[in-house]
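J.: All I have is the shape, not the residue letters:
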Ligand SMILES: [Cu+2]
């Protein structure tokens with residue numbers, strides 16, 4: 001009658017004691033890692049994600065748009081034909097360099113298709129953040145610098161980190177449109 005005695009013994013074992021035994025067994029498995037190598041590998045995989053992000057990306061809270069393909073990242077001066085190819089736009093310098101959050105000044109040289117400096121041009125500069133659908137409340141002023149078709153545009157109030165497009169529309173003295181072009185900047189946060 002031994003089997004029945006064993007059954008009787010198990011039946012008499014307090015429930016709490018049986019649960020305790022199960023917990024001890026689970027704890028041993030968890031601590032030793034026995035039987036959960038899959039879980040360990042999974043943990044390792046998860047660990048690689050955040051570490052890869054922190055080594056390759058910008059610190060938390062900073063805008064990183066320098067890799068955006070729209071952004072003009074080549075060194076100045078930067079030449080660009082207008083959309084109608086009737087004016088060449090040359091971005092000579094920016095202040096500060098590179099453009100930064102806040103007020104910026106851009107120096108632009110305009111050349112006609114015939115290679116002549118474009119003098120007395122009427123230039124309209126429009127800074128916008130295309131991804132956000134807004135511009136700036138401050139209207140930039142344009143002033144001629146020399147007789148080589150060079151103009152200063154300021155202030156370009158790039159008040160927010162991210163991608164900015166500075167569009168230039170150029171008209172002649174009698175205000176008939178000649179050409180337009182845009183330069184793109186990444187403003188760090
Ligand atoms: Cu914005």
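T.: Done, it's in. None of these values were measured; they are calculated from a predicted model. Numbering: from 1, shown residues only.

J.: and residue 101, how many neighbours?
T.: Residue 101: 17 surrounding residues under other C-beta atoms under 10 Å. To be clear about C-beta, it is placed using only N, CA and C from the backbone, and glycine gets the same treatment.

J.: Distance of it relative to the ion?
T.: Computed with C-beta to the ion, to the nearest Å, the distance linking residue 101 and the ion is 11 Å.

J.: Please tell me the pLDDT value assigned to that residue.
T.: Per-residue pLDDT puts residue 101 at 97.

J.: ok, now which ones touch it?
T.: Contacts for residue 101 were tallied using C-beta atoms under 8 Å, 6 or more residues apart in numbering; they are 158, 159, 160, 161, 187, 188, 189.

J.: can you tell me the residue of the chain closest to the ion?
T.: The ion sits closest to residue 132 of the chain, with a gap of 3.4 Å, by C-beta to the ion.

J.: can you pull the pLDDT of that residue?
T.: 97.

J.: Tell me the one of the contacts of residue 101 nearest residue 68?
T.: residue 187 (11.2 Å; C-beta to C-beta).

J.: For residue 165, pull up the helix or strand it's in.
T.: According to DSSP states H and E, residue 165 maps onto strand 162-171.

J.: no wait, residue 97
T.: Counting by DSSP H and E, residue 97 is part of no helix or strand.

J.: Next one: it from residue 159, what distance?
T.: 18 Å (C-beta to C-beta, to the nearest Å).

J.: ok, the two, which is more surrounded?
T.: residue 159 (16 against 10).

J.: Extract the residue ranges of the chain that are flagged as low pLDDT.
T.: Where the chain drops to pLDDT under 70, the residues are 1-63.

J.: Near the ion, which residues of it? Just list them.
T.: Contact residues (C-beta under 5 Å from the ion) of the chain with the ion: 129, 132, 160.

J.: in this structure, which spans are helices?
T.: 2-12, 15-32, 37-56 (DSSP state H).
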